[in-house]
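Enquirer: Generate coordinates for the sequence data below:
(one chain, ligands or ions: 1)
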Amino acid sequence: MVTRLYTHPVYLEHLTPPGHPERPDRLRAIERVLDDEAFEALDRVEAPMGAEETVLYAHPQDYLDRVRAAIPEAGLTQIDGDTVASPKSWQAALTAIGAANAAVDDVFERRADNVFVASRPPGHHAEKSTAMGFCLFNNAAIAARYAQKKHGAERVAIVDWDVHHGNGTQDIFWDDPSVLYCSTHQMPLYPGTGAKSETGAGNIVNAPLAPRTGSDSFRDAFRSRILPSIDDFRPDLVIVSAGFDAHHRDPLAEINLDEDDFDWATGQLMEKATSHSAGRLVSLLEGGYDLQGLAFSVAAHVGRLMKG
Ligand SMILES: [Zn+2]
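Expert: Numbers count the residues shown, from 1 in each chain. Have a look, this model is predicted:
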């Protein structure tokens with residue numbers, strides 16, 4: 001197995017105010033844990049900046065222009081109640097997109113079996129025309145459309161195990177049956193969407209989890225709803241919106257997973273990718289706000305990607 005890792009120093013320069021959970025230290029914690037010799041075989045590549053036109057795969061031009069215009073020359077700009085931009089946020093956001101798209105190239109062109117992208121800002125709350133929830137552009141949605149346009153993928157599955165519902169990804173693919181969107185998330189919780197009854201064009205599979213549940217409810221949701229949906233859909237590519245804030249240590253939610261659950265879920269999705277997608281799997285970092293919970297979970301996830 002070749003597992004590639006993309007990251008970039010500019011991701012540390014997307015700044016948020018003191019006390020903000022989505023902070024550069026998250027990536028420092030990931031870098032530290034992946035420095036261990038257990039991860040020596042990772043194929044580490046510096047993330048490229050993405051082409052601006054690929055943003056338009058998921059967002060309209062006037063939205064792109066609005067985000068660009070909001071980037072401050074100095075200091076911080078509040079884009080919504082909890083979404084912030086700093087002078088380097090544009091470059092960071094475009095480089096998060098660039099890494100996601102490059103990861104798609106890698107798995108289709110067989111430079112890697114699978115890829116993990118450790119980037120900021122995250123993406124799954126960004127709707128077609130609305131930045132929110134720490135997200136500017138929807139990295140997973142752009143990568144899915146990129147796979148369709150550049151590599152002729154007919155069907156792409158996005159599996160989102162971040163503890164928050166990916167309202168943005170759901171919004172972008174609401175009426176697009178060529179992309180399957182599956183999500184486990186705590187409900188009720190921010191952003192309030194993600195009920196089972198939200199099914200889009202039959203391509204949206206929401207599996208909400210009750211607060212204070214854990215491994216059993218998460219694995220049940222995978223076994224009973226998400227994995228069978230992937231089998232029915234037969235994707236050409238599996239993209240993981242990999243947030244690690246369902247970890248029991250996370251301060252933003254009340255789901256009690258531990259790193260073994262992320263290891264297990266990774267293995268399940270790799271099996272589905274092997275069955276339907278020639279193994280092609282691209283994983284993009286979303287949330288995860290307890291530094292130790294995040295680091296241990298990423299280690300379990302990437303360790304599983306490397307082992308096969
Ligand atoms: Zn989250």
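Enquirer: Please look at residue 123 and residue 172 and confirm they touch.
Expert: No: Residue 123 is beyond contact range of residue 172, at 10.2 Å (criterion: C-beta atoms under 8 Å). From N, CA and C alone the C-beta is placed, and that goes for glycine too.
Enquirer: Now the common contact residues for those two.
Expert: The contact sets of residue 123 and residue 172 overlap at 138, 141 (C-beta atoms under 8 Å, 6 or more residues apart in numbering).
Enquirer: Settle it for me: which of these two has more neighbours?
Expert: Neighbours per residue (other C-beta atoms under 10 Å) separate residue 123 from residue 172, with residue 123 holding more: 30 against 26.
Enquirer: what sits against the more buried one?
Expert: Residues near residue 123 by C-beta under 8 Å, 6+ apart: 96, 135-142, 168-169, 241, 284, 286.
Enquirer: Can you name the helix or strand that it falls in?
Expert: Using DSSP states H and E, residue 123 sits in no helix or strand.
Enquirer: in the stretch 51-200 of the chain, what residue is nearest the ion?
Expert: residue 164 (3.6 Å; C-beta to the ion).
Enquirer: Ramachandran angles for that residue?
Expert: Backbone torsions for residue 164, taken as degrees, to the nearest 10, come to phi -100, psi 150.
Enquirer: likewise residue 181?
Expert: Torsion angles, degrees, to the nearest 10, at residue 181: phi -120, psi 120.
Enquirer: is stretch 82-90 anywhere near the ion?
Expert: No: contact of stretch 82-90 with the ion (C-beta under 5 Å from the ion) is absent, the minimum separation being 11.3 Å.
Enquirer: What residues sit buried inside that stretch?
Expert: Within stretch 82-90, the residues scored as buried using 16 or more other C-beta atoms under 10 Å are 82, 83, 84, 85, 86, 87, 88, 89, 90.
Enquirer: Can you measure across that stretch, start residue to end residue?
Expert: End-to-end distance for stretch 82-90, by C-alpha to C-alpha, to the nearest Å: 17 Å.
Enquirer: try stretch 33-46
Expert: End-to-end distance for stretch 33-46: 18 Å, by C-alpha to C-alpha.
Enquirer: That one - what's its average pLDDT?
Expert: Summarised as a single mean, pLDDT over stretch 33-46 is 98.
Enquirer: Over to stretch 188-195?
Expert: Averaged across stretch 188-195, pLDDT comes to 98.
Enquirer: Which residue is the nearest non-sequential neighbour of the closest residue to the ion within the stretch 151-300 of the chain?
Expert: Per C-beta to the ion, residue 287 is where the stretch 151-300 of the chain lies closest to the ion, at 2.9 Å. Excluding its sequence neighbours, the residue lying closest to residue 287 (C-beta to C-beta, 6 or more residues apart in numbering) is residue 243, at 3.7 Å.
Enquirer: what does the model give the one you found for pLDDT?
Expert: Predicted confidence (pLDDT) for residue 243: 98.
Enquirer: Just give me the neighbour total for the residue of the stretch 51-200 of the chain closest to the ion.
Expert: Residue 164: 28 neighbours (other C-beta under 10 Å).
Enquirer: pretty sure it contacts residue 187?
Expert: No: taking contacts as C-beta under 8 Å, residue 164 lies outside contact range of residue 187: 9.7 Å.
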